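Asks: prediction below, plus the sequence it came from.
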Amino acid sequence: MRLDDGSLFLLDADHPAAIRLSVGTDLDESLLADLESASETCRCRRKALDLLARSEQCRRGLTVKLIRKGFSREAVSSVLDGLVSAGFLDDRRFAEAWVRSRLRNRPEGPSRLRGALMSKGIGGSVAREAVVAVLEELGDDEAEDAMERAWDKLSRRSGITDEKLLAALVRRGFPVSRVRALIRSKR
């Protein structure tokens with residue numbers, strides 16, 4: 001909607017402020033404030049959907065991105081609540097996609113994966129459930145393969161001892177008992 005003074009507002013057609021408008025409507029301060037708020041919400045929703053179309057997002061990450069774009073916390077919160085309700089934004093779906101990608105590109109163990117998810121704003125229980133679900137989906141062979149790929153990469157370093165390999169793999173979140181068994185099998 002464009003006003004005589006050149007102001008432009010993007011509105012959802014069903015927004016209460018848009019419904020109250022018609023040609024010749026006098027704009028009082030209350031209606032103008034409603035239009036500005038509705039316009040910001042509409043622009044924020046469009047940007048959020050644009051970001052979600054590119055890749056899965058988590059709520060906290062999307063919140064940060066939208067606030068950096070200049071949207072108010074109120075508009076962001078309202079928009080994200082709607083996207084969660086509609087099923088477009090789902091932290092668990094994001095977490096599972098992130099774990100799958102991470103295991104392909106940088107093999108790590110379950111505890112490290114959970115910690116990384118939690119640092120992205122994913123709740124502890126959701127992070128734990130996502131890691132377990134993906135590891136079950138991939139199976140034990142894939143988990144072992146991820147640990148072996150990490151071992152292969154680390155073992156190429158010159159002068160690395162078994163103790164240093166053990167520490168490095170444990171820091172990556174692999175269970176100590178499995179790392180020890182792997183090192184014994186490789187030596």
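Replies: On my side now, so go ahead.

Asks: show me what counts as buried in stretch 174-185.
Replies: By 16 or more other Cβ atoms under 10 Å, the buried positions in stretch 174-185 come out as 174, 179, 182, 183. Every residue, glycine included, has its C-beta placed from N, CA and C.

Asks: got those residues as TSV, with distance to residue 120, secondary structure and pLDDT columns?
Replies: Shown next, in TSV, are the buried residues of stretch 174-185 (distance: Cβ to Cβ, whole Å; DSSP: H, G, I helix; E, B strand; the rest coil; pLDDT from 0 to 100):
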residue	distance to residue 120	secondary structure	pLDDT
174	21	coil	82
179	25	helix	83
182	28	helix	84
183	31	helix	81
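
Asks: counting contacts, what elements does the helix or strand where residue 153 lies pack onto?
Replies: Applying DSSP states H and E as the criterion places residue 153 in helix 124-155. When contacts are defined as 3 or more Cβ pairs under 8 Å, 6 or more residues apart in numbering; DSSP states H and E, helix 124-155 sits against helix 91-105, helix 110-119, helix 162-171, helix 176-186.

Asks: ok now that helix, how far from the chain's centre?
Replies: Offset of helix 124-155 from its chain centre (Cα atoms, centre = their mean, to the nearest Å): 19 Å.

Asks: centroid-nearest residue for the protein?
Replies: residue 58 (2.7 Å; Cα atoms, centre = their mean).

Asks: so who does that one touch?
Replies: By Cβ atoms under 8 Å, 6 or more residues apart in numbering, the contact set of residue 58 is 91, 94, 95, 120, 121, 122.

Asks: ramachandran angles for it?
Replies: Taking degrees, to the nearest 10, you get phi -100, psi 160 for the backbone angles of residue 58.

Asks: from residue 90, how far off is it?
Replies: 9 Å (Cβ to Cβ, to the nearest Å).

Asks: check the residue nearest to the centre of the chain and give its pLDDT.
Replies: On pLDDT, residue 58 comes in at 97.

Asks: look up the closest residue to it, ignoring the ones flanking it.
Replies: residue 94 (4.4 Å; Cβ to Cβ, 6 or more residues apart in numbering).

Asks: just the element for residue 33, please.
Replies: Using DSSP H and E, residue 33 sits in helix 29-54.

Asks: of the buried residues of stretch 174-185, closest to residue 111?
Replies: Using Cβ to Cβ, residue 174 comes nearest to residue 111 of those, at 8.3 Å.

Asks: which residue sits closest to that closest one, ignoring its sequence neighbours?
Replies: Nearest to residue 174 is residue 109, by Cβ to Cβ, 6+ apart, at 3.5 Å.

Asks: pretty sure the one you found is touching residue 147, no?
Replies: Yes: Residue 109 lies in contact with residue 147 (Cβ atoms under 8 Å); the separation is 7.1 Å.
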